[in-house]
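Peer 1: sequence isn't available, so here's the structure alone:
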């Protein structure tokens, strides 16, 4: 059983950089490729895939967010992070970190963290 927990600020000002961290536990017995992914859900809208990083270090981004998003990992801390630059109110959403054995497989989810972009 893989457990994920997001952390970060609940409010970010416009034009600033949003930084979120996901702590991962319970995957010590997992073998093969795994993918750590960030997704979000703006209020009243569907899920949006942001980006992912594999345990081999390969990184993938949504074309629409590629210019502003950075996904990274710290294996020693069992963490991966999301940085989203130049945020606007349109970036207000519930942000989730997820885990899967394939690139777009969201097998396990964190509980999510609400991020509001507001001055």
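Peer 2: Sure, I can see it. None of the values given here were measured: they were computed from a predicted structure.
Peer 1: stretch 77-93 - what's its average pLDDT?
Peer 2: Stretch 77-93 carries an average pLDDT of 96.
Peer 1: with adjacent residues omitted, what lies nearest to residue 60?
Peer 2: Leaving out its chain neighbours, the residue that sits closest to residue 60 by C-beta to C-beta, 6 or more residues apart in numbering is residue 52, at 4.8 Å. Any C-beta I mention is one placed from the backbone N, CA and C, and that applies to glycine too.
Peer 1: number of nearby residues for the residue nearest to residue 32 when sequence neighbours are not counted?
Peer 2: Distance criterion C-beta to C-beta, 6+ apart; nearest residue to residue 32, sequence neighbours excluded, is residue 101 at 6.9 Å. Per other C-beta atoms under 10 Å, the neighbour tally for residue 101 reads 12.
Peer 1: pLDDT weak spots in the protein?
Peer 2: For the chain, the stretches with pLDDT under 70 are 28-29.
Peer 1: how about residues contacting the helix or strand containing the residue nearest to residue 60?
Peer 2: Using DSSP states H and E, residue 52 sits in strand 48-54. Outside strand 48-54, the residues that touch it by C-beta atoms under 8 Å, 6 or more residues apart in numbering are 33-42, 59-62, 65-66, 69, 71-73, 80, 82, 84, 93, 103-104.
Peer 1: wait, what's in contact with the residue nearest to residue 32?
Peer 2: 30, 32-35, 107.
Peer 1: and if we set it to 7 Å?
Peer 2: Contacts here follow C-beta atoms under 7 Å, 6 or more residues apart in numbering; on that basis residue 101 touches 32-34, 107.
Peer 1: most neighbours out of those, which is it?
Peer 2: Among the contacts of residue 101, the one with the most neighbours (other C-beta under 10 Å) is residue 34, at 19 neighbours.
Peer 1: how about that one: what's its closest non-neighbour residue?
Peer 2: Nearest in space to residue 34, with sequence neighbours left out and distances taken as C-beta to C-beta, 6+ apart, is residue 55 at 4.9 Å.
Peer 1: now do residue 50
Peer 2: residue 38 (4.2 Å).
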